[in-house]
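[1] Sequence first, predicted model second:
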Amino acid sequence: MARFSASSVLLLAFFFFSFSEARDHLIGGKANAWKIPSSESDSLNHWAEKTRFLIGDSLVWEFDGSKDSVLQVSKRDYVTCNTSSPIETYNGGNFKVKLERSGPYYFISGAEGHCHKGQKLIVVVMSEKHRRFFGISPAPSPAEVEGPTVAPALTSGARGLSGGFSMLALGALLFLL
Ligand SMILES: *[C@@H]1O[C@H](CO)[C@@H](O)[C@H](O)[C@H]1NC(C)=O
């Protein structure tokens, strides 16, 4: 039987951990990025398009909470910048939003007029393929993708399980050495 080299084990370990670890994404990649963008390339959607969001990851907001807030809204309210009936309101300028499902999340500024000036953000969350591979991915239904309801216990549980499976796989590999 072929022996596993130390480097291949390391590579596999990297593979498992890089795919199972939940990440925190600081909005805009830096503090105080939640503001009216100065240009198109400065917009948060420009940043979001270059970022990979996975179920279990969190969005981290850091800004002056006395001047602004974050509203999670429907797609329609995102497009029209309607702040009157948000799904969630986040105040305080320093908070995390856990991404519990795949699909788009829509955020707009709660400050008067800011959304119309481009202070808005779409985060599209991808489902993690490796969780399907282990057969424990909560398959998101189409309703979940658009709807405001989430299943927190299920996804965080899945992440724990996934991590557990990674450790088991790693243990098995090390045993083979
Ligand atoms: C904003 O949304 C509310 C609730 O859905 C609705 O009653 C209102 O007409 C909307 N306002 C605009 C300007 O679209």
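    That came through, no problem.

[2] packing partners for the helix or strand harbouring V70?
    V70 is located in strand 58-73, with elements delineated by DSSP states H and E. Applying 3 or more Cβ pairs under 8 Å, 6 or more residues apart in numbering; DSSP states H and E, one finds that strand 58-73 contacts strand 24-26, strand 88-98, strand 103-109. No exception for glycine: its C-beta is placed from N, CA and C like everyone else's.

[3] Compare these and give me the one nearest the ligand.
    Of all the helices and strands packed on strand 58-73, it is strand 103-109 that lies closest to the ligand, at 11.8 Å by Cβ to the nearest ligand atom.

[4] by how many degrees do the very next helix or strand once past that closest one and strand 103-109 diverge?
    Elements were assigned by DSSP H and E; along the chain past strand 103-109, the next helix or strand is strand 120-126. Inter-element angle recorded for strand 120-126 and strand 103-109: 160 degrees (by axes from the mean of the first three to the mean of the last three Cα atoms, to 10 degrees).

[5] Strand 120-126: which residues count as buried?
    K120, L121, V123, V125 (16 or more other Cβ atoms under 10 Å).

[6] Thought D57 was touching the last one, still the case?
    Yes: contact between V125 and D57 holds when scored by Cβ atoms under 8 Å: they sit 7.4 Å apart.

[7] intersection of neighbour lists for the two?
    Shared contacts of V125 and D57, defined by Cβ atoms under 8 Å, 6 or more residues apart in numbering, are found at L99.

[8] circling back: may I have the strand holding V70 as PDB, with CA atoms only?
    Output of strand 58-73 as PDB, limited to C-alpha atoms (Å, rounded to 0.1, in the frame of the first residue of the first chain):
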ATOM      1  CA  SER A  58     -20.000  36.300   9.400                       C
ATOM      2  CA  LEU A  59     -20.100  39.900   8.200                       C
ATOM      3  CA  VAL A  60     -18.400  42.300  10.600                       C
ATOM      4  CA  TRP A  61     -19.400  45.900  10.600                       C
ATOM      5  CA  GLU A  62     -17.300  48.600  12.200                       C
ATOM      6  CA  PHE A  63     -18.400  52.200  11.900                       C
ATOM      7  CA  ASP A  64     -19.600  55.200  13.900                       C
ATOM      8  CA  GLY A  65     -22.900  53.900  15.200                       C
ATOM      9  CA  SER A  66     -24.100  57.300  16.200                       C
ATOM     10  CA  LYS A  67     -24.400  58.400  12.600                       C
ATOM     11  CA  ASP A  68     -25.500  55.300  10.700                       C
ATOM     12  CA  SER A  69     -27.100  51.900  10.900                       C
ATOM     13  CA  VAL A  70     -27.500  48.800   8.800                       C
ATOM     14  CA  LEU A  71     -30.800  47.600   7.500                       C
ATOM     15  CA  GLN A  72     -31.300  44.100   6.000                       C
ATOM     16  CA  VAL A  73     -34.100  44.400   3.500                       C
END
